[in-house]
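Participant: below are the sequence and a predicted model; questions follow.
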Amino acid sequence: PAALIEQPIVKALHLGMFEIGKPLGKGKFGRVYLARERKHGFICALKVLNKNELRQARVEKQVRREVEIQSNLRHPNILKLYSHFHDSRRIFLVLEFAGQGELYKHLRKARRFPEPRAAKYIAQMAEALRYLHRKHVIHRDIKPENILLGIHGEIKISDFGWSVHAPSNRRKTYCGTLDYLPPEMICPKTDDDSYDEKVDLWALGVLTYEFLVGEAPFEDSPVLTTRRIARGDMTVPAFVSTEAKDLIHKVSDFRLFQPYAEQ
Ligand SMILES: CC(C)NC(=O)[C@H]1CCC[C@H]1Nc1nc(Nc2ccc(C(=O)N(C)C3CCN(C)CC3)cc2)ncc1C(F)(F)F
């Protein structure tokens, strides 16, 4: 019989294997640190989640799904989840370190992006979404706060806490900004309130608008935002080029009238 192929012993990861560096900031449910894996000097981001906090917020299933989905994704514009481990009190996610940090901070600082920069980001987002949707994963929470930038300024979609396998219907009420939700999630017509990958395309249109204008198209009080989304009541300022304005309309129209053609 063929000799047993030398299987590398994959040792269980534990905290002692990492040298903890500076805090990178606070996520929704935990702190994130720059870390270096001692043996090979591998740089990563270590997200530390407190089990009790997750239990109290009833988000364990969401975190489990985030780990399950994100660890199986391999794309240059999707933040890698390399591994995870836990001790009695905490869960540790070993994530890719995004060298240029949080996109929304760059957007606030720049107020709005010049069109070439916005175009580069939207093209990378479209590539990442095409990869996700081919695997029937819907992100469902595309917004600037969930996007990081890699060392070369490339887009890294992160935070799959709200992602699901399509088609899906929503179980838990969404408690974030309404700005990015599409009409079918704002006022579901049918009672099954199921929806598919196209919700990410609507959000891509909203993201394009926010990159170019500096604020979300339907931003308002929750009640008015809901009404403006349902009516598609959006005005694009004059300083946005006609081509860019055309793209914003096309992305939201595209998803409403075209079957999501798998290329
Ligand atoms: C998508 C999700 C919703 N967001 C998050 O998770 C956030 C919450 C906390 C940090 C971030 N999570 C990550 N951040 C990085 N890189 C990073 C972050 C911040 C800076 C930065 O600007 N400073 C340190 C600055 C340096 C200057 N001082 C003044 C302020 C902080 C530089 C690099 N890589 C991976 C992650 C990840 F995702 F793997 F955890």
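Facilitator: Nice, thanks for sending it over.

Participant: residues in the stretch 51-200 of the chain within reach of the ligand, list them.
Facilitator: Within the stretch 51-200 of the chain, the positions near the ligand by CB under 6 Å from any ligand atom are 79, 95, 97-98, 101-102, 145-146, 148, 158-159. Where you see a C-beta, it was placed from the backbone N, CA and C, and this is true even at glycine.

Participant: farthest pair in these?
Facilitator: 97 and 145 (18.1 Å; CB to CB).

Participant: what's the burial count for residue 249?
Facilitator: By other CB atoms under 10 Å, the residues close to residue 249 number 13.

Participant: do you know how far it is from residue 208?
Facilitator: 10 Å (CB to CB, to the nearest Å).

Participant: check residue 86 too.
Facilitator: Residue 86 is 39 Å from residue 208, where distance means CB to CB.

Participant: how about residue 180, secondary structure?
Facilitator: At residue 180, secondary structure determined by DSSP: H, G, I helix; E, B strand; the rest coil is coil.

Participant: my guess is it contacts residue 145, does it?
Facilitator: No - using CB atoms under 8 Å, residue 180 makes no contact with residue 145, being 10.0 Å away.

Participant: more neighbours, those two?
Facilitator: Set residue 180 next to residue 145 and count neighbours by other CB under 10 Å: residue 180 wins out with 27 against 16.

Participant: contacting residues for the more buried one?
Facilitator: If you count contacts by CB atoms under 8 Å, 6 or more residues apart in numbering, residue 180 has them with 141-143, 202-203, 206-207, 216.

Participant: try 7 Å
Facilitator: 142-143, 203, 206 (CB atoms under 7 Å, 6 or more residues apart in numbering).

Participant: can I get those residues in a markdown table with pLDDT, secondary structure and distance to residue 222?
Facilitator: Formatted as a markdown table, these follow (pLDDT from 0 to 100; DSSP: H, G, I helix; E, B strand; the rest coil; distance: CB to CB, whole Å):
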| residue | pLDDT | secondary structure | distance to residue 222 |
| --- | --- | --- | --- |
| 142 | 95 | coil | 19 |
| 143 | 96 | coil | 16 |
| 203 | 94 | helix | 17 |
| 206 | 94 | helix | 16 |
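
Participant: since that was my last question, I'll sign off now.
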